[in-house]
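# with the sequence up front, the predicted model follows.
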Amino acid sequence: SKKAFIFDLDGVIVDTAKYHFLAWKKLANSIGVDFSEVQNEQLKGVSRVKSLEKILAWGNKSISEDEFMELMALKNDDYLSYINKMDENEILPDVTKILDFLIQNNQPIALGSASKNAREILKKVNLFKKFDTIVDGNDVTKAKPNPEVFLKAAKQLNCLPKDCIVFEDSLAGVKAANIASMISVGIGEKSVLKEADYVFNDFTEVSTEFLKELINK
Ligand code: BG6
Ligand code: MG
């Protein structure tokens, strides 16, 4: 039956997970909170609001709603200073090759990202036109691991969830795909993404044979 391939953005298509980390760390430190790279795994795939809530909880901080909005804006401004400098060189290895293979094989491709900056980033790295549909942080109300973002993408591509294949670098995203009854492919460390149906360190390990198998399943 007809398949659809859904890609997360940050940490899957582009190496922006490091910029989120740097920007959150700077923001957290400015209010006297620190967190580790291990804790940072919990911020991956998670919305901007949820990320700040977690950081505040780690630091036992409670702030007013106005301050909360201000801190989110500060973080995003800092993050955008990195994004503005991005170009095609920041596409992760073999991502373009994989997208082009799927396009050549007439497979629908969606973006399923929690980021409100997703469209701008895709344009920056010149991949925007490769996607049949984009569902991002502006289109959903529930953060991953809630499957809303992926279910919306499936619907827009007219594909049943069980026929969708999701590529994710975050545990929250893998959980979201699994909850949606989609096939989850983890991109990153096996120890972190063990709940995924398949895990690869990066796209250089994802063969076209493997993709063909998924297409013909
Ligand atoms: C996800 C990232 O893709 O998007 C998270 O993994 C980030 O780290 C989230 O917090 C929201 O992104 P943005 O760009 O809207 O702040
Ligand atoms: Mg991600």
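Looks like it arrived, so ask away. Residues are numbered from 1 along each chain as shown. Ligands and ions are numbered 1, 2, ... in the order given.

# show me where this structure has its strands.
Counting by DSSP state E, the segments of the chain that form strands are 4-7, 109-112, 133-135, 164-168, 183-187, 198-200.

# for these, give me a markdown table that also has mean pLDDT and distance to ligand 2.
(Glycine included, C-beta is placed from N, CA and C.) Formatted as a markdown table, the entries for those read as follows, by pLDDT from 0 to 100; distance: least, Cβ to the ion, whole Å:
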| stretch | mean pLDDT | distance to ligand 2 |
| --- | --- | --- |
| strand 4-7 | 98 | 10 |
| strand 109-112 | 98 | 10 |
| strand 133-135 | 98 | 14 |
| strand 164-168 | 98 | 6 |
| strand 183-187 | 98 | 9 |
| strand 198-200 | 98 | 14 |
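
# turn those strands into a markdown table, columns for mean neighbour count and distance to Lys25.
Written out in a markdown table, the entries for those read as follows (neighbours: other Cβ atoms under 10 Å; distance: least, Cβ to Cβ, whole Å):
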| stretch | mean neighbour count | distance to Lys25 |
| --- | --- | --- |
| strand 4-7 | 26 | 26 |
| strand 109-112 | 26 | 26 |
| strand 133-135 | 21 | 28 |
| strand 164-168 | 27 | 22 |
| strand 183-187 | 25 | 23 |
| strand 198-200 | 18 | 26 |
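
# can you put these in a markdown table and add distance to Glu70?
As requested, those are exported to a markdown table (distance: least, Cβ to Cβ, whole Å):
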| stretch | distance to Glu70 |
| --- | --- |
| strand 4-7 | 32 |
| strand 109-112 | 29 |
| strand 133-135 | 28 |
| strand 164-168 | 31 |
| strand 183-187 | 34 |
| strand 198-200 | 38 |
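
# check the gap between Pro108 and Cys159 for me.
With distances taken as Cβ to Cβ, to the nearest Å, Pro108 is found 7 Å from Cys159.
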